[in-house]
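*Asks:* predicted structure and sequence below. I'll ask about it afterward.
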Amino acid sequence: MVNLHDAQHKRPSELSGGMRQRVGIARAFSTTPDMLLMDEPFGALDALTRGVIQDELLRICAKTGQTVFMITHDVDEAILLADRLILMSNGPQAHIAEIVENPLPRDRVRTSIHHLSGFYDLRNHLVDFLVRRSAGIRQTSH
């Protein structure tokens with residue numbers, strides 16, 4: 001499922017960070033949950049490993065039809081992985097500020113997604129939201 005055949009005889013302490021993430025994903029899928037919850041699952045990985053594991057997650061979800069609810073602060077990761085993006089306000093009283101449907105075709109590929117029509121419109125919308133939210137934080141903290 002997560003392409004760790006070559007590491008099947010390794011001890012947990014011998015696994016790289018990326019391998020450990022793959023084991024975690026496999027463990028989560030092994031219980032066949034109705035919804036898989038992931039909180040910043042790739043945040044501690046280097047960019048190359050993160051991309052490989054994002055591709056694995058896309059492949060697994062396409063194969064299984066699994067629903068995933070994932071928290072991320074990475075705009076490009078959100079665009080690649082999400083069909084629907086829920087943008088939150090800040091602070092202790094945080095709430096849903098906006099729900100954005102991802103208009104890009106579902107068979108997204110990390111290496112070519114930026115060529116799709118609508119990619120930069122969506123990305124700019126998300127970045128603008130984050131900039132406005134950040135400006136609001138600075139104004140209220142002064």
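*Replies:* Arrived safely, thanks for sending. All values reported here derive from a predicted model rather than from experimental measurement. Numbering: from 1, shown residues only.

*Asks:* gap between the spatially closest residue to H114 that is not a sequence neighbour and T67?
*Replies:* In space, and not counting its chain neighbours, H114 is closest to Y120: 7.6 Å by C-beta to C-beta, 6 or more residues apart in numbering. For the C-beta atoms, the positions are set from N, CA and C on the backbone; glycine is no exception. Here the distance between Y120 and T67 works out to 28 Å (C-beta to C-beta, to the nearest Å).

*Asks:* R110 now?
*Replies:* Separation of R110 from T67 (C-beta to C-beta): 21 Å.

*Asks:* these two: which has the busier surroundings?
*Replies:* R110 (16 against 12; other C-beta atoms under 10 Å).

*Asks:* which SS state does the more buried one fall under?
*Replies:* Under the three-state scheme (DSSP: H, G, I helix; E, B strand; the rest coil), R110 adopts coil.

*Asks:* again, but for the one 10 residues further on
*Replies:* When the structure is split into helix, strand and coil by three-state DSSP, Y120 lands in helix.

*Asks:* in terms of pLDDT, where does it sit?
*Replies:* For Y120, the pLDDT comes out at 98.

*Asks:* how many residues are close by it?
*Replies:* If you count neighbours by other C-beta under 10 Å, Y120 ends up with 11.
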